[in-house]
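**Student:** pasting the structure only:
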């Protein structure tokens, strides 16, 4: 689903899924909120607004969706189909980082 969402330019993601050296990790809630919450992110066929109330509203490959998100223990977890991200069958979690105006989401396996 969502793998990386550059706000403007292409993210610097290494072949091992790590973020480039110049990226700032968003492992603290305050930094995550400032960089992601309330913003519209675009990339990889996804155009999504990360709303303050935990909603994700946007399009995936041109198809509208309303999903949900949560930030726990340094992870940004999402569902593009469910209002309850913790129980969603399509739940995906990511480590988030920024590099200038670019946001990179690196998938985390087994969350």
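**Tutor:** On my side now, so go ahead. The shown structure was predicted, so the numbers you read here are calculated from the model rather than taken from an experiment. Numbers count the residues shown, from 1 in each chain.
**Student:** show the contacting residues for residue 85.
**Tutor:** Counting by Cβ atoms under 8 Å, 6 or more residues apart in numbering, residue 85 makes contact with 54, 67, 68, 69, 70, 77, 78, 79, 91. Any C-beta I mention is one placed from the backbone N, CA and C, and that applies to glycine too.
**Student:** switch the cut-off to 10 Å
**Tutor:** Counting by Cβ atoms under 10 Å, 6 or more residues apart in numbering, residue 85 touches 54, 56, 67-70, 72, 77-79, 91-93.
**Student:** and what of residue 88?
**Tutor:** Going by Cβ under 10 Å, 6+ apart, residue 88 touches 67, 68, 77, 78, 79, 80, 81, 82.
**Student:** do that again at 8 Å, thanks
**Tutor:** 67, 68, 79, 81, 82.
**Student:** the residue nearest to residue 36 when sequence neighbours are not counted: neighbouring residues, count only.
**Tutor:** Among residues not flanking residue 36 along the chain, residue 50 sits closest, at 5.2 Å (Cβ to Cβ, 6 or more residues apart in numbering). Residue 50 has 24 neighbouring residues, counting by other Cβ atoms under 10 Å.
**Student:** cool, residue 79 as well?
**Tutor:** For residue 79, the tally of surrounding residues (other Cβ under 10 Å) stands at 22.
**Student:** that one and residue 64, how far apart?
**Tutor:** For residue 79, the distance to residue 64 equals 15 Å [Cβ to Cβ, to the nearest Å].
**Student:** residue 44 too?
**Tutor:** Separation of residue 44 from residue 64 (Cβ to Cβ) stands at 17 Å.
**Student:** the two: which is more packed in?
**Tutor:** Taking neighbours as other Cβ under 10 Å, residue 44 and residue 64 compare with residue 44 leading, 14 against 9.
**Student:** report pLDDT for that one.
**Tutor:** Confidence at residue 44, expressed as pLDDT, is 84.
**Student:** again with the one 10 residues further on
**Tutor:** At residue 54, the predicted lDDT confidence score is 95.
**Student:** what's it sitting at in phi/psi?
**Tutor:** Phi and psi for residue 54, reported as degrees, to the nearest 10, are phi 90, psi 0.
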